[in-house]
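*Asks:* mind looking at a prediction? Sequence and model below.
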Amino acid sequence: MAQPPILSWEGLGLQQGGGWLFGGPDSPTASGGLDLHIGPRDRLALIGRNGAGKTTLLKLIGNEIEADRGKRSIQPGVKVVMLEQEPDVAKYDTLMDYALAGKDAPEQYEVEAIAGQLGIDMTRNAKSASGGERRRAAIARALAMEPDLLLLDEPTNHLDLGAIDWLESWLNRFNGAFVVISHDRTFLTRLTNATLWLDRGNLRRREIGFGGYEAWEEQVYAEEARAAEKLDARLKLENHWLQRGVTARRKRNMGRLEKLHEMRAQRAAMLSPQGTAKMAVVADDTKTKSVITAEHVTKSFGDRTIIKDFNLRIQRQDRIGIVGANGAGKTTLLKMLTGELEPDSGTVTLAKTLNGVMIDQQRSLLSDEKRMRDILAEGGDWVDVRGVRKHVQAYLKDFLFDPSLVDARVGTLSGGERSRLLLAREFARTSNLLVLDEPTNDLDLETLDMLQEVIADYDGTVLIVSHDRDFLDRTVTITLGLDGSGTVDVIAGGYADWEAKRKKPAGSAKEAKKAAAPTPPPPPQKKTKLSYKDQRDYDLLPGRIEELEAAIIADEEALADPDLYASDPAKFAKLSKALEDKRTEKDAAEERWLALAEEVEALDG
């Protein structure tokens, strides 16, 4: 760190629930706890699974709670300001009253200036304000306080795309430091220059922005797996599959992205230059797959037209993303597409067999006193998962819960864990239409990966309203972009594709028409079987991996002889080199076989 830190924690430890949340006696640091140093221009991403203690650590940095051990140091005059996940505004009459409360309140004119740029009326009644209005008011208050260190806990939750863009721009110009917890990959990648990883009670730091985090995570797990090879067989096996599981997830996601691009290309060929479905000329076999058909749909409220002459045919397995600023009409469009709201003119036709499930993150529906098995299995041991019976503990594991927590009370779960439990409950229901309204709020990155996998494997149709740009880019085949004028852009692709269309400079009408017409993609060459070499590798590699594992164990046992180095240093060096070569070969063989297994799965599917 080039400059001295403005805030430090040394030997930080905190107990929770009878044990150490982090910084316990097993901490690897010399101080026996967490060590943390924040420089004056640090842009830190704070990463960790739900329940790891990220928000708690942020509050300890902000001196809002007391630690059980450790020393906190801060330079004189440094102002630390925290933007909480859930700002408590209900006890105030107006949002401005909330913003100006407290002994360190900002100046009103500063709040008004920032609120104006965010588009929030600070005279709004605080008790009836929406989640987005409360979040904007909290941001206006925090930024107006002119902090030296800004602590941001899920700052993009409840914000629309315009507000997120504004906040990103402000933070890019900010002269101080910030630490941010967020599930928004795009936000983190654009803003951070270093990463704090809170993992199993320990804190790691690396001078890379979030864009390099996943590669770092995989590297750490791989190193742990190698170290565990020297331990007992059970631990070795667990760590081996931990590392392999991380790699497998990455490869599965890459495979799903390739499939998603193919689906987008197919849908691009079915869209007209104006971005609406070619409904008049669709072949009969396509019509039978249609689940929702919107024709010349228009909807107004008072003098304002929300949706104007909208046309789209949604097919089975389409993944539809709906984006736009707050108030642009996203919810209105979603309600019309699901039959909840009638258009003023035009028609929306839903397939008679449509059976939908709405997932809107209403965590309040989960009673604190209920156990997890009560939520999923009505108190029993088995849960019906889309018609298939599954043990409740195995199902909890699918959603990244420790199966032993099956009898844990909902009230003991974090906000993110509650969201994950709600997803588990709703995804178990038999359906052919999923409607997800801001599903990514309060989810950690691992849960987002899991949610992407569930959506990709879902056999029905999915409608998603979200401001999470990266999530949309990884999941949807068609984006419906609303600009507030009544026009709905229909784009084959994700958020990035819609953003590129909006930023494209306007040329002549002839050029615009030519640019709008999609280039028909070449028909994909469907692979029907593995090549001879690939099939041979697929058949023989498992045996070779077993041979290498046995050889590695034999070499490790030989190297474990305490007298070997003293009696024969040349043999010790030769064995060490051979061991490293075998480990490298085994890792490469596992990667190769895993890639081939993915191909086999795709061919069988």
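*Replies:* Everything's here; your move.
*Asks:* as CSV, could you dump the C-alpha coordinates of stretch 485-496?
*Replies:* Only the C-alpha atoms of stretch 485-496 are listed here, as CSV (Å, rounded to 0.1, in the frame of the first residue of the first chain):
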residue,chain,number,x,y,z
SER,A,485,-42.3,6.7,-24.0
GLY,A,486,-44.5,3.7,-24.6
THR,A,487,-42.1,2.0,-27.1
VAL,A,488,-40.9,-1.4,-26.1
ASP,A,489,-37.6,-2.5,-27.8
VAL,A,490,-37.5,-6.2,-28.5
ILE,A,491,-33.9,-7.3,-28.6
ALA,A,492,-32.5,-10.8,-29.1
GLY,A,493,-30.0,-10.9,-26.3
GLY,A,494,-29.3,-9.5,-22.9
TYR,A,495,-28.9,-6.1,-21.3
ALA,A,496,-25.6,-5.4,-23.0
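*Asks:* pLDDT on that stretch, on average?
*Replies:* Stretch 485-496 shows a mean pLDDT of 92.
*Asks:* check which residues of that stretch are buried.
*Replies:* For stretch 485-496, the neighbour count (16 or more other CB atoms under 10 Å) marks 486, 488-495 as buried. The way it works is simple: take the backbone N, C-alpha and C, and place the C-beta from them, glycine included.
*Asks:* can you flag which of these belong to strands?
*Replies:* Cross-referencing the buried residues of stretch 485-496 against strands under DSSP state E gives 488-492.
*Asks:* in the stretch 451-600 of the chain, what spans have low per-residue confidence?
*Replies:* 505-528, 560, 562, 598 (pLDDT under 70).
*Asks:* and the helices in it, which stretches?
*Replies:* 469-475, 495-503, 509-516, 532-559, 564-567, 569-604 (DSSP state H, counting those that start in this stretch).
*Asks:* and these, which is most packed in?
*Replies:* helix 469-475 (a mean of 23; mean count of other CB atoms under 10 Å).
*Asks:* what residues does that helix touch?
*Replies:* 161, 184-186, 189, 253, 257, 260, 319, 321, 323, 440, 448, 452, 455-456, 462, 464, 466, 479, 494-496, 499 (CB atoms under 8 Å, 6 or more residues apart in numbering).
*Asks:* out of those residues, which are buried?
*Replies:* For those, buried by 16+ other CB under 10 Å: 161, 184-186, 253, 260, 319, 321, 323, 440, 448, 452, 455-456, 462, 464, 466, 479, 494-495, 499.
*Asks:* where along the stretch 351-500 of the chain do the strands fall?
*Replies:* 356-359, 382-385, 388-391, 433-437, 461-465, 478-482, 488-492 (DSSP state E, counting those that start in this stretch).
*Asks:* which SSE is the closest residue to G48 other than its chain neighbours in?
*Replies:* Take G48 and drop its neighbours on the chain: the residue closest to it by CB to CB, 6 or more residues apart in numbering is L198, 3.6 Å away. Secondary structure from DSSP states H and E places L198 in strand 194-199.
*Asks:* tell me the strands beside that strand, with direction?
*Replies:* strand 43-47 (parallel), strand 202-206 (antiparallel) (DSSP bridges).
*Asks:* mind telling me which of these the model trusts least?
*Replies:* When those are compared on average pLDDT, strand 202-206 comes out lowest at a mean of 92.
*Asks:* next SSE after that strand?
*Replies:* helix 213-228.
*Asks:* for that next one, packing partners?
*Replies:* strand 194-199, helix 233-268 (3 or more CB pairs under 8 Å, 6 or more residues apart in numbering; DSSP states H and E).
*Asks:* all helices for the stretch 51-200 of the chain, in order.
*Replies:* Going by DSSP H, counting those that start in this stretch, the stretch 51-200 of the chain shows helices at 54-61, 95-99, 108-118, 131-144, 161-173, 185-191.
*Asks:* and the stretch 251-400 of the chain, by the same measure?
*Replies:* 284-287, 330-337, 372-377, 392-398.
*Asks:* save those as TSV, and put in distance to G543, mean pLDDT and mean neighbour count too.
*Replies:* Compiled in TSV, the helices of the stretch 251-400 of the chain are given as follows (distance: least, CB to CB, whole Å; pLDDT from 0 to 100; neighbours: other CB atoms under 10 Å):
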stretch	distance to G543	mean pLDDT	mean neighbour count
helix 284-287	45	40	10
helix 330-337	53	93	21
helix 372-377	40	92	22
helix 392-398	30	88	18
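*Asks:* now distance to S169 too, for those, in JSON lines please.
*Replies:* Output for the helices of the stretch 251-400 of the chain, formatted as JSON lines (distance: least, CB to CB, whole Å):
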{"stretch": "helix 284-287", "distance to S169": "43"}
{"stretch": "helix 330-337", "distance to S169": "23"}
{"stretch": "helix 372-377", "distance to S169": "41"}
{"stretch": "helix 392-398", "distance to S169": "39"}
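*Asks:* out of those, nearest to R173?
*Replies:* R173 lies closest to helix 330-337 among these, at 29.3 Å (CB to CB).
*Asks:* and the residue nearest to G48, how close does it get to E295?
*Replies:* Using CB to CB, to the nearest Å, L198 is found at 51 Å from E295.
*Asks:* so those two - more neighbours on which side?
*Replies:* L198 (21 against 17; other CB atoms under 10 Å).
*Asks:* state the distance from the more buried one to N50.
*Replies:* On the measure of CB to CB, L198 and N50 end up 11 Å apart.
*Asks:* swap in I208?
*Replies:* From I208 to N50 the distance is 23 Å (CB to CB).
*Asks:* how about L579?
*Replies:* Taking CB to CB, one finds L579 at 38 Å from N50.
*Asks:* re the thing from before, okay, the ones in strands among the buried residues of stretch 485-496 in TSV with distance to E585 next?
*Replies:* Below are these laid out as TSV (distance: CB to CB, whole Å):
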residue	distance to E585
V488	54
D489	51
V490	50
I491	46
A492	43
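*Asks:* what about A351, how many neighbours?
*Replies:* With other CB under 10 Å as criterion, A351 counts 17.
*Asks:* and what of the one 4 residues further on?
*Replies:* Using other CB under 10 Å, the number of residues around N355 comes to 11.
*Asks:* list the contacts for it?
*Replies:* 430-433.
*Asks:* any of the residues you listed buried? List them.
*Replies:* Using 16+ other CB under 10 Å, the buried members of the contacts of N355 are 431-433.
*Asks:* show me which of those residues is closest to R583.
*Replies:* Nearest member of the buried ones among the contacts of N355 to R583, counting by CB to CB, is S431, at 46.0 Å.
*Asks:* can you tell me the closest non-neighbouring residue to that closest one?
*Replies:* In space, S431 is closest to V357, 4.2 Å off (CB to CB, 6+ apart).
*Asks:* returning to what we had before: of all the helices of the stretch 451-600 of the chain, which lies closest to K103?
*Replies:* helix 469-475 (38.3 Å).
*Asks:* Y458 is in contact with L436, isn't it?
*Replies:* No - here Y458 does not reach L436: they are 10.6 Å apart, not a contact under CB atoms under 8 Å.
*Asks:* who has more neighbours, the two?
*Replies:* L436 (24 against 17).
*Asks:* wait, what's in contact with the more buried one?
*Replies:* Contacts of L436 (CB under 8 Å, 6+ apart): 359-360, 462-466.
*Asks:* now D402: phi and psi?
*Replies:* Dihedral angles of D402 (phi, psi; degrees, to the nearest 10) stand at phi -70, psi 120.
*Asks:* what about it, distance to L396?
*Replies:* Counting by CB to CB, the gap from D402 to L396 is 8 Å.
*Asks:* go on, R319?
*Replies:* R319 is 26 Å from L396, by CB to CB.
*Asks:* what does S367 give?
*Replies:* 18 Å.
*Asks:* tabulate the helices of the stretch 451-600 of the chain (JSON lines), appending distance to L95.
*Replies:* Shown next, in JSON lines, are these (distance: least, CB to CB, whole Å):
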{"stretch": "helix 469-475", "distance to L95": "27"}
{"stretch": "helix 495-503", "distance to L95": "29"}
{"stretch": "helix 509-516", "distance to L95": "42"}
{"stretch": "helix 532-559", "distance to L95": "61"}
{"stretch": "helix 564-567", "distance to L95": "70"}
{"stretch": "helix 569-604", "distance to L95": "51"}
